[in-house]
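Student: Pasted the sequence and its predicted model underneath.
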Amino acid sequence: MFDKTDKVLIKMEDVWRTYKMGVEEIHALRGVYLQVKKGEYVAIVGPSGSGKSTLMNIIGCLDTPTKGKYWLNSTLVSEMNDDQLAQIRNKEIGFVFQTFNLLPRATALQNVELPLIYAGIPASQRREMALQALHSVELTDRANHRPNELSGGQRQRVAIARALVNHPSILLADEPTGALDSKTSAEIMSLFEKLHAEGNTIIVVTHEQDIAARAHRIITIRDGKIESDVPNVVSVG
């Protein structure tokens, strides 16, 4: 069912996610088979209630399947406990959220350093790595600014730098432009294109078709199943 190429980062086999609501069972995912290779730029789209957020949570090791198997970077994560999942998240996944999730009293540099503190990186090395991540999102000159001194687009760039600082296997973005205006959204999506060109694997979860259209592969989820999975010819004007 899956090809044997190495560099497969995500591999799901017959993944189900079922929630119990009293006596009723809600099947948020119904037998998902999925494969994502290193260096891909994928958009996951679907209407509200389609299962795309549940799929994102499982990809990001924030949740585990009720049934089925999920390998991330050749590690079977679907059978891990919460502590093991937390370690995998910090090592393998860089998260970007719609609401930025920055610490308001910390500078941009300090916000970017956070995952490195959890990883036990020494202070001098942390600073160097955080500055490099800010440089990659063209925000070095704002390193000492706090979030309330930054525009929405700049805050999202800080969040992207924080997601990248650990050199994760996957950059996982949940509605990354949802809180931004059209012009700033286009700038952030251009940044994703640049990061993808530099070799980063990017998965964007969105309900906005124009955002999905920037990805090189579009997966549509409906009623907990993959309805379509197609390559996308990108033309960025």
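Tutor: Yep, it's here.
Student: mind listing what's buried in the helix or strand where Ser124 lies?
Tutor: Secondary structure from DSSP states H and E places Ser124 in helix 123-136. Residues 126-127, 129-131, 133-134, 136 are the ones in helix 123-136 that count as buried (16 or more other C-beta atoms under 10 Å). Using the backbone N, CA and C atoms, a C-beta is placed for each residue, glycine as well.
Student: ditto for stretch 212-229
Tutor: Neighbour count says stretch 212-229 has 212-221, 224-226 buried, by 16+ other C-beta under 10 Å.
Student: And stretch 196-212, by the same measure?
Tutor: 196, 200-206, 211-212.
Student: closest to Asp14 among those residues?
Tutor: Using C-beta to C-beta, Ile203 is the member of the buried residues of stretch 196-212 that lies nearest Asp14, at 20.2 Å.
Student: So that closest one sits against Val36, correct?
Tutor: Yes. Judged on C-beta atoms under 8 Å, Ile203 makes contact with Val36 at a distance of 6.9 Å.
Student: quick one: common contacting residues for the two?
Tutor: Common contact partners of Ile203 and Val36 (C-beta atoms under 8 Å, 6 or more residues apart in numbering): 42, 170.
Student: which residues are contacting the helix holding Ser124?
Tutor: 108-109, 112-113, 116-117, 121, 140, 142-143, 158, 161-162, 164-165, 195, 198.
Student: Please flag which of those residues sit within helices.
Tutor: In helices, judged by DSSP state H, the following of those are found: 108-109, 112-113, 116-117, 158, 161-162, 164, 195.
Student: and the gap between Asn90 and Leu9?
Tutor: Asn90 is 16 Å from Leu9, where distance means C-beta to C-beta, to the nearest Å.
Student: who has more neighbours, the two?
Tutor: Neighbour tally, Asn90 and Leu9, criterion other C-beta atoms under 10 Å: the higher count belongs to Leu9, 20 against 16.
Student: so what's that one up against?
Tutor: 36-38, 72-73, 169-170, 201.
Student: Now do the SS call for it.
Tutor: Using DSSP: H, G, I helix; E, B strand; the rest coil, the structure places Leu9 in strand.
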